[in-house]
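**Student:** Take this sequence and fold it.
(chains A, B and C)
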Amino acid sequence: MNRNTWISAYARFLGTTFSVNLQAVMEYRVNFLIQAFGMMLNNAAFALFWGVLIERTGGIGGYGFSDIMFIWALVSSSFGLAHILFGNIRSLGRIVQKGELDLYLLQPKDVFLNLLASRTIVSAWGDFIYGFIVLCFLPGLSLGRLAIFSSFVCSGGLIFAATFAAAESLTFFMGNSSAISSAIAEFMLSFSLYPETVFDRGMRWVFYSILPSGFIAFVPLAVFKGLNWAMMPLVWIVALAYVAASYSLFRLGLKRYESGNQIGARL
Amino acid sequence: MTASAAVRRLGKYREVARMSARNKLRYRGNFAGSMLTYGLFVYVFSRIWAAAYAGKAGIAGYDYSMSVWYFIIAEVSVFGFGRFFWNLAEDLKSGQVAYLLAKPYGFIGYHFAQAMGQGLLDAGVIFLEGLAAGLILAGLPPNFMLWRLALVMVSLLIAGCLQFFLQMSIAMTAFWVEENAAFFWIFQKLALVVGTLLPLEFLPLWAQTAAVWTPLPSLSYAPGRIAVAASPGESLVLMGLQLAWLAAATLLSRLVFMAGHRKISIQGG
Amino acid sequence: MNVIEAEGLEKTFTTRVKPEGLKASFASLVKPRMREVAAVKGVSFEVESGEVLAFLGPNGAGKSTTIKMLTGILAPSAGKARVLGLDPAKERLELSRYIGAVFGQRSQLWFHLPPADSFRLIGAIYEIDESDRIWRQAELVERFGLAPYMDVPVRKLSLGERIRCEIAASLLPCPQVLFLDEPTIGLDVIAKREIRLLLAEAAEVDDVTVFLTSHDIGDIEKLCKRAIIIHHGEVVVDESMKDLRHRALARKLVGVKYAEPVRFQIDGLSPVKVKAADVAGAAGIAGAAGVAGAGDGAWTAASFEVDTRCHQLPDLIRALAEKGEILDLTVEDEPLENIIAGIYGAQSGAEAAAAARPRTASAPAAPQTTAPAGEKAFS
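**Tutor:** Predicted structure coming up:
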């Protein structure tokens, strides 16, 4: 197929999927608001925790309160974006297990993309918005910083999605990877939120490999504070590499897919 | 009811718990995952505490070793019993309620047995891992005494039951609202802030005072405090409070269930 | 032209075996035991363009697995498949543009949204021009009578309405082959009839080849021109519905009722059920087994199971008429369901194939109620 028509076909497909997603959310307007509010409240509770700790200690590992709030804002919005656009990143394993992948295999669109994009998580909108609200309260906000922040939200969203989906793809190989994948997800989310400097060097490599918190939070913090534009393309290249790796892992797993007659009852 | 009938009645719940425990054992990944997270979590927090205590001997009456051990015990409650909600919510939403209601066991009792079958396994494994991790990272806990170990286990058990009844009550909001995960998030994060990540004493005074009026300190703070600081007398008070909240939560879950059941029988599932 | 070709398709699954007991659970945590299960073992058949084919078999026979191999969801362990000239395992994406699938229990519609939105999304997924999509959708809505449901969230539709929407949705991209896995499961009589009519119409109007699995003999009798029955992963029957039905037609159930009790015996044909005229007055119904010597008693009514390849039906009726004044006479076909049940009941593929083989050819074992082969004159 012609490259242009291929791109426009996918653009139309993703656009329609997103609009249908949005409609599905709007079917439950009240719920949407409750959930978005709920997530913001949850995030605010964490701000409280950091406030308390830093009040007691006067800064942890060189991070002040506003530094921590920045990585909170960034992680929250990226995490939200990933779940808004690719709502199935945390359900992929369950879908594979229940044999519901068949549906996507029967449709003439890329299975990975089709599967991930065909759902949106309502509460994620709260996370997404929260980050921008927190950003407004941070010192030294400018248009340039808003641009940097937005760019990092997008790259971070891709890294989150790629990592979570890769963890869920382990289901293809293990039968049930729910514990490991939720561990990876929780771990990555939680530890993007702590000062990098408290960890000793031997530990920090993790944040630039299997749990790429470094590219989601720590590098962006340095860029944001120093207005160091040069690092931005690097983060984007890394993000795309994670997406490519995650995609490959899924394709590899798909070959092993043995569909869903669930031989052997309840999993 | 005769004694043997009572035994028979309870027997089926024991069987449910056993089944659920066996189900848990089916996959190696089930334990490996949460053990990994917990281990890393404990490690990372020990680093954070190390950074926080750099140049300080004590904060709010806790030293480094106490804070690390506190965290280890407090998190057992979260890792062992903190995630019942998801299975419960899934069951409630998938429309299985109607089938369960038609079966000859108590709705809440059935879920309690199922949750505890897995929860006790989880908590036991995590507890042992925590003891090992604590010994490596912080050495023997300060003021270590055997009675503490025994009371901590009882206190964790009560905390586990309390976790269940609170989460069950939240999960049963599914009778009214479609997506109730947000409620659970809020509960979970509040519990995290109030007494799990930090001992209660770290919070500002007003927050400490307010927390006393919630069940949150009974979930993690009580076992954590008993493990590192509480005197025998204070330990008994903390556990008494835990039991009182357990009774209240049990009652709450019954009330929510009755209201939800009435709603279902009027409007249909 | 063949649209579907299967040649020696095989599929073997590996499942984990878990012995009973808590202790064994711990053991299998360390060292799981695996077992191979052959779901499909060497299935071959061809389907021509425009055919409406019934693909039958008891639960676990390998129907769904075969369909999944034909649609590219599963790769065969051995053998070859071609659908519309494409290899499903290698060219799934290309193939998916030209085939539709309705899996009774799995929905392609968005649960919380009206079907109209799902149709729009399907249009985008299959890259149908928006104007074409609207035109095609209007036609399907008209034919399937979906107008009242298009703006109602799917979760509020009844199962019958939902399946109608599902089928319409899968016809939206104008597929050349439509796979249906138990489309009428759980539906009531009326809804079933509607679905059958719509499918028959679709085969006719849209010129689509229909590949249907079902447990409902009604679906198959009403809809299909040909049936393939698989059992234990092997094809045991592959013939036209006419032949299959003809086999059923060869066996007749003949019932007769007399005004007066009669007393007679037909050579080599004993009744399967009689109503004896009791001399004492109280008439009773007894099964054939219970009245071994029934031929000697007096009857007011009886029924016979007749294999028309052994006995001429007119001869039998003539013989019955000579015995007394007939009040009522019924001749019924043996239900197709019985024939299929006979095949399903077999313990292995080979046995099922034997059960499916027509009994006339070498006239071996005679049916219970008849004498050894050959025509008899009734006297």
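**Student:** what about residue 170, how many neighbours?
**Tutor:** Answering for chain A, as no chain was given. 21 (other CB atoms under 10 Å in any protein chain shown). Every residue, glycine included, has its C-beta placed from N, CA and C.
**Student:** meant chain C actually
**Tutor:** Counted with other CB under 10 Å, residue C:170 comes out at 22.
**Student:** Quickly note the distance from it to residue C:219.
**Tutor:** 17 Å (CB to CB, to the nearest Å).
**Student:** Please apply the same query to residue B:197.
**Tutor:** 61 Å.
**Student:** repeat for residue B:43
**Tutor:** In terms of CB to CB, residue B:43 sits 61 Å off from residue C:219.
**Student:** The two - which one has more neighbours?
**Tutor:** Legend: neighbour count by other CB under 10 Å for residue B:43 and residue C:219, higher for residue C:219 (24 against 15).
**Student:** ok, the one helix or strand residue C:3 maps to near chain B or not?
**Tutor:** Residue C:3 is part of strand C:2-17 when elements are defined by DSSP states H and E. No: applying CB under 8 Å from any CB of the partner chain, one finds strand C:2-17 separated from chain B by no less than 8.6 Å.
**Student:** and that strand, what's its mean pLDDT?
**Tutor:** The average pLDDT for strand C:2-17 rounds to 85.
**Student:** What are the boundaries of the helices in chain A?
**Tutor:** A:3-26, A:29-57, A:65-85, A:92-97, A:101-105, A:111-117, A:124-137, A:143-169, A:171-174, A:178-191, A:201-204, A:213, A:219-226, A:231-256 (DSSP state H).
**Student:** before we move on, what SS does the residue of the stretch 51-200 of chain C found nearest chain B have?
**Tutor:** Going by CB to the nearest CB, chain B is nearest to residue C:112 of the stretch 51-200 of chain C, at 8.8 Å. Three-state call for residue C:112 (DSSP: H, G, I helix; E, B strand; the rest coil): coil.
**Student:** right, and the helix or strand after the lowest-mean-pLDDT helix or strand in chain C?
**Tutor:** Taking mean pLDDT, DSSP states H and E as the measure, the helix or strand of chain C with the lowest value is strand C:284-287, at a mean of 42. Using DSSP H and E, the helix or strand that follows strand C:284-287 in sequence is strand C:299-307.
**Student:** Those residues of the stretch 151-300 of chain C touching chain A, which are they?
**Tutor:** So the stretch 151-300 of chain C meets chain A at residue C:153 (CB under 8 Å from any CB).
**Student:** any idea how far residue A:166 is from the residue in the stretch 151-300 of chain C positioned nearest to chain A?
**Tutor:** Nearest residue of the stretch 151-300 of chain C to chain A (CB to the nearest CB) works out as residue C:153 at 6.8 Å. To residue A:166, residue C:153 is 34 Å away according to CB to CB.
**Student:** thinking again about what came up before, surely the residue of the stretch 151-300 of chain C closest to chain A and residue C:114 touch.
**Tutor:** Yes: applying CB atoms under 8 Å, one finds residue C:153 in contact with residue C:114, separated by 5.6 Å.
**Student:** The residue of the stretch 151-300 of chain C closest to chain A: how many residues sit nearby?
**Tutor:** Neighbours around residue C:153, by other CB under 10 Å: 17.
**Student:** C-terminal to the longest helix that chain C contains, what's the next element?
**Tutor:** Determined from DSSP H, the single longest helix within chain C is helix C:189-205. Following helix C:189-205 in sequence order, the next helix or strand is strand C:209-213 (DSSP H and E).
**Student:** residues contacting residue A:28?
**Tutor:** A:122, B:178, B:179, C:112 (CB atoms under 8 Å, 6 or more residues apart in numbering or on different chains).
**Student:** contacting residues around the first one?
**Tutor:** Contact partners of residue A:122, counting by CB under 8 Å, 6+ apart, are A:25, A:28, A:31, A:32, A:35, A:36, B:179.
**Student:** Of the residues you listed - the most surrounded one?
**Tutor:** When neighbours are counted by other CB under 10 Å, residue A:35 leads the contacts of residue A:122 with 25 neighbours.
**Student:** May I ask you to confirm that it is in contact with residue B:177?
**Tutor:** No: Residue A:35 is beyond contact range of residue B:177, at 9.7 Å (criterion: CB under 8 Å).
**Student:** What's the local residue count around the nearest residue to residue A:242 once chain neighbours are set aside?
**Tutor:** Leaving aside its sequence neighbours, residue A:242 sits nearest to residue A:162 (CB to CB, 6 or more residues apart in numbering or on different chains; 4.0 Å). Residue A:162 has 25 neighbours, counted by other CB under 10 Å.
**Student:** Would you quantify the distance from residue A:162 to chain C?
**Tutor:** Using CB to the nearest CB, to the nearest Å, residue A:162 is found at 22 Å from chain C.
**Student:** ok, and residue C:238, which helix or strand is that part of?
**Tutor:** Here residue C:238 is assigned to strand C:234-240, by DSSP H and E.
**Student:** and that strand, how far out from the chain's middle?
**Tutor:** Chain-centre distance of strand C:234-240: 12 Å, with CA atoms, centre = their mean, to the nearest Å.
**Student:** Would you mind listing the buried residues in that strand?
**Tutor:** Of all the residues in strand C:234-240, those buried under the rule 16 or more other CB atoms under 10 Å in any protein chain shown are C:234, C:235, C:236, C:237, C:238.
**Student:** Report the rounded mean pLDDT for it.
**Tutor:** For strand C:234-240, the mean confidence score works out to 86.
**Student:** could you point out which element follows that strand?
**Tutor:** Next along from strand C:234-240, by DSSP H and E: helix C:241-249.
**Student:** quick revisit: burial-wise, tell me which of the helices of chain A comes out on top.
**Tutor:** The highest average neighbour count among the helices of chain A, using mean count of other CB atoms under 10 Å in any protein chain shown, belongs to helix A:213 at a mean of 27.
**Student:** near chain B at all, it?
**Tutor:** No: Helix A:213 does not reach chain B (CB under 8 Å from any CB); its nearest approach is 11.0 Å.
**Student:** Show me where the stretch 51-200 of chain B dips below the pLDDT cut-off.
**Tutor:** For the stretch 51-200 of chain B, the stretches with pLDDT under 70 are B:95-104.
**Student:** In it, which residue sits closest to chain A?
**Tutor:** residue B:182 (3.1 Å).
**Student:** could the helices of chain A be laid out in a markdown table, adding distance to residue B:109 and mean pLDDT?
**Tutor:** Compiled in a markdown table, those are given as follows (distance: least, CB to CB, whole Å; pLDDT from 0 to 100):
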| stretch | distance to residue B:109 | mean pLDDT |
| --- | --- | --- |
| helix A:3-26 | 36 | 87 |
| helix A:29-57 | 30 | 79 |
| helix A:65-85 | 35 | 93 |
| helix A:92-97 | 27 | 88 |
| helix A:101-105 | 36 | 88 |
| helix A:111-117 | 38 | 94 |
| helix A:124-137 | 35 | 90 |
| helix A:143-169 | 33 | 94 |
| helix A:171-174 | 32 | 84 |
| helix A:178-191 | 26 | 79 |
| helix A:201-204 | 45 | 74 |
| helix A:213 | 42 | 87 |
| helix A:219-226 | 50 | 87 |
| helix A:231-256 | 40 | 93 |
